[in-house]
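Q: Generate coordinates for the sequence data below:
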Amino acid sequence: MHEVKKKSLFTKVQQHETKKNMKHKLQIIISTTAASVLALSVLAQTQPKPTRDGPDYARDPMPRPQRADRLNDAAKASELIGMTVKNYQNEKLGSVEDLAVDVESGRIVQVILSIGGFLGIGDTMRAIPPGAFNRDVANNVLQLDADLPKLKSAPKFEMSRWGEYSDSEHLSAVYHHYGQESAFTFIQKGGAVPDDSTNTLSSPRARARLDEDYTSSKRQTMIPVSRLTQLQKAGKLMGTPVQNLQDEKLGKLENLLVDLPAGRIVAVIVSSGGFLGMGDELSAIPPTALRFTSDRNTLQLDISKEMLASAPHFKADQWPDFAQPTYSSGVYRAYKIKPYFTSDAGTQPDNSAVNVRERHDSDLSPTDQGNNKADLDTTANIRKEILAAKDFSVNAQNVKIITVGGRVTLRGPVKTAEEKRLIGDIADRIARSENVDNQLEVKSATSDNN
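A: You can find the predicted model right below:
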């Protein structure tokens, strides 16, 4: 009995020593860890911080490469005006006050940025080359590769002196500040355009000049020095009347689709439904097809109402994807104008045979529409029935219908073979099948925004 108690006491002493040793080891571990953390903290504080002379692209998003001969974007001007501008460090730089554009050449000349309230220097304007921007669609902001000091040192802009701050000297300083000199090549110097009569379609000489311009896309997209002081504010262009050479109202300017990285206007959107009896239809027109009247209060288009009705248009609540070269190049071809953009490999707007065929003057386009009453009525009736069909895709609603001498040509992409057949049936019923040439092509739905 005495031996049992002695062993029990010995066991308790061992357990106590074991616990004591474990506690001591734990304290050593904790002390060592704390010392290591403290040492690392001190080391981090004593290390010099790396300087950043420019954007840190290891952390910041890399700007996408842009090309002036590519269709980079197609944003509504009305949505860009007022949009927040940030740099790649997510710092707010300002907001878009307006766009300085020249509709007749299809150029965006500069973007006016309001920086009041962001830099603490009052309500101040800065002019920025359009090619300096990227649009972040996901976050609904424009991105500009500039820090606050660079923006503060940029050339100023005064809205009250719009014309003065749009001359060649001021524009050169703006483009130079942002390293965009290579993009500053759209100014015609030395009186390349003889006189102001070339800026309107109100005379036979002007119309002849327009025909000459159509054969030279480079000349067409250049801005005469004398016209720089007449650059338009995109925000104030909305609502501008559009008429033809017969002074018939075709509609009003509804919006501009712009490609900021390329510095281009992709298309002028005209609200023409109320004048053409087509409801809420909108028409897309290449900017270089338009000219201002001498008083610069109205835009003119050399086309009849019926011809406009047969050119590309769409419903106000069903905008096509103009950023797709397939659709936008079709808008340009309809008016026999070469688009400023080309197509990347794999994104060819159309097959080569079609492109070659449509470039020849002998091929029909909406501008070849016959002007006699019978031809105009035929085109209008076919278009009316197509628009009345509720199940047609956007492409089908925008097919080209050209009637010349009683013969109807249908051209353009449709979504399905059934749409091609149904549109052909409509034309056959109105113009008789022997007078209908159905050239509609069944395309994939990649460019259809139904």
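Q: and D377, how many residues sit next to it?
A: 13 (other C-beta atoms under 10 Å). The C-beta positions use only the backbone N, C-alpha and C, and glycine is treated the same way.
Q: which residues touch whatever helix or strand it lives in?
A: Taking DSSP states H and E as the criterion, D377 maps to helix 373-388. The set of residues external to helix 373-388 that reach it, using C-beta atoms under 8 Å, 6 or more residues apart in numbering, is 278-279, 281, 304, 306, 309-310, 369-370, 392, 396-397, 399, 401-406, 408, 423, 426-427, 430-431.
Q: Return it as PDB; C-alpha atoms alone will do.
A: What follows is the C-alpha trace of helix 373-388 in PDB, where atoms were taken according to Å, rounded to 0.1, in the frame of the first residue of the first chain:
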ATOM      1  CA  LYS A 373     -42.900  57.700-109.300                       C
ATOM      2  CA  ALA A 374     -43.400  54.000-110.300                       C
ATOM      3  CA  ASP A 375     -39.900  53.000-109.100                       C
ATOM      4  CA  LEU A 376     -40.100  55.100-105.900                       C
ATOM      5  CA  ASP A 377     -43.600  53.600-105.100                       C
ATOM      6  CA  THR A 378     -42.300  50.000-105.700                       C
ATOM      7  CA  THR A 379     -39.400  50.500-103.300                       C
ATOM      8  CA  ALA A 380     -41.500  52.200-100.700                       C
ATOM      9  CA  ASN A 381     -44.200  49.500-100.800                       C
ATOM     10  CA  ILE A 382     -41.600  46.700-100.400                       C
ATOM     11  CA  ARG A 383     -40.000  48.500 -97.500                       C
ATOM     12  CA  LYS A 384     -43.300  49.200 -95.800                       C
ATOM     13  CA  GLU A 385     -44.200  45.500 -95.800                       C
ATOM     14  CA  ILE A 386     -40.800  44.400 -94.600                       C
ATOM     15  CA  LEU A 387     -41.000  46.800 -91.700                       C
ATOM     16  CA  ALA A 388     -44.500  45.600 -90.900                       C
END
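Q: Name the residues of it that are buried.
A: D375, L376, T378, T379, A380, N381, I382, R383, E385, I386, L387 (16 or more other C-beta atoms under 10 Å).
Q: Just the buried ones from the contacts of helix 373-388, in ChimeraX syntax?
A: A single ChimeraX command suffices to select whichever of the contacts of helix 373-388 are buried according to 16+ other C-beta under 10 Å:
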select :278,281,304,306,309,310,369,370,392,396,397,399,401,402,403,404,408,423,426,427,430,431
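Q: Of the contacts of helix 373-388, which belong to strands?
A: Cross-referencing these with the strands (criterion: DSSP state E) gives E281, I401, I402, T403, V404, V408 as the overlap.
Q: any idea which of those is least confident?
A: Within those, the minimum per-residue pLDDT falls on E281 (83).
Q: For it, list the residues it contacts.
A: Contact analysis of E281 by C-beta under 8 Å, 6+ apart lists S272, G273, H313, F314, K315, A316, L387.
Q: residue contacts, the fifth one?
A: Under the criterion of C-beta under 8 Å, 6+ apart, the contact partners of K315 comprise G279, D280, E281, L282, V394, Q397.
Q: Tell me which two in those are the farthest apart.
A: G279 and V394 (15.0 Å; C-beta to C-beta).
Q: Flag the helix or strand of the chain with the lowest per-element mean pLDDT.
A: Across the helices and strands of the chain, mean confidence by mean pLDDT, DSSP states H and E is lowest for helix 352-359: a mean of 37.
Q: Counting only helices, which of the contacts of helix 373-388 make the cut?
A: The subset of those located in helices under the criterion DSSP state H comprises E306, A309, S310, A396, Q397, I423, I426, A427, I430, A431.
Q: Identify the farthest-apart pair in those residues.
A: Between any two of the ones in helices among the contacts of helix 373-388, the greatest separation by C-beta to C-beta is 19.8 Å, found for E306 and A396.
Q: The closest residue to A234 other than its chain neighbours: helix or strand, and which one exactly?
A: Once its chain neighbours are removed from consideration, A234 has its nearest residue in L99; the separation is 3.9 Å (C-beta to C-beta, 6 or more residues apart in numbering). With elements delineated by DSSP H and E, L99 resides in strand 92-102, which encompasses its position.
Q: Just give the strands next to that strand in its sheet, each with its orientation.
A: When pairing is defined by DSSP bridges, strand 92-102 lines up against strand 84-86 (antiparallel), strand 107-114 (antiparallel), strand 232-233 (antiparallel).
Q: Name the stretch among the ones you listed that sits most buried.
A: Highest mean neighbour count among the strands paired with strand 92-102 (mean count of other C-beta atoms under 10 Å): strand 107-114, with a mean of 25.
Q: quick one: average pLDDT of it?
A: Mean per-residue pLDDT for strand 107-114: 95.
Q: Please list the residues outside it that contact it.
A: The set of residues external to strand 107-114 that reach it, using C-beta under 8 Å, 6+ apart, is 85, 93-102, 123-130, 133, 151, 157, 159, 166, 171, 174, 186, 221, 223, 228, 231, 258, 260, 263-265.
Q: Pull that strand out as CSV, backbone CA atoms only.
A: Provided in CSV are the C-alpha atoms of strand 107-114 (Å, rounded to 0.1, in the frame of the first residue of the first chain):
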residue,chain,number,x,y,z
ARG,A,107,-13.1,64.1,-87.7
ILE,A,108,-13.1,64.5,-84.0
VAL,A,109,-10.5,67.2,-83.5
GLN,A,110,-10.3,67.5,-79.7
VAL,A,111,-12.1,66.5,-76.5
ILE,A,112,-12.8,69.3,-74.1
LEU,A,113,-12.3,68.1,-70.5
SER,A,114,-13.7,70.0,-67.5
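Q: Next secondary structure after it?
A: Next along the chain after strand 107-114, taking DSSP H and E as the criterion, comes strand 125-128.
Q: pLDDT wise, what is the residue nearest to Q318 when sequence neighbours are not counted at?
A: Distances taken as C-beta to C-beta, 6+ apart place V394 nearest to Q318, at 5.5 Å, with adjacent residues excluded. According to the predicted model, the pLDDT of V394 comes to 80.
Q: you'd agree V394 is up against F322?
A: No: V394 is beyond contact range of F322, at 11.6 Å (criterion: C-beta atoms under 8 Å).
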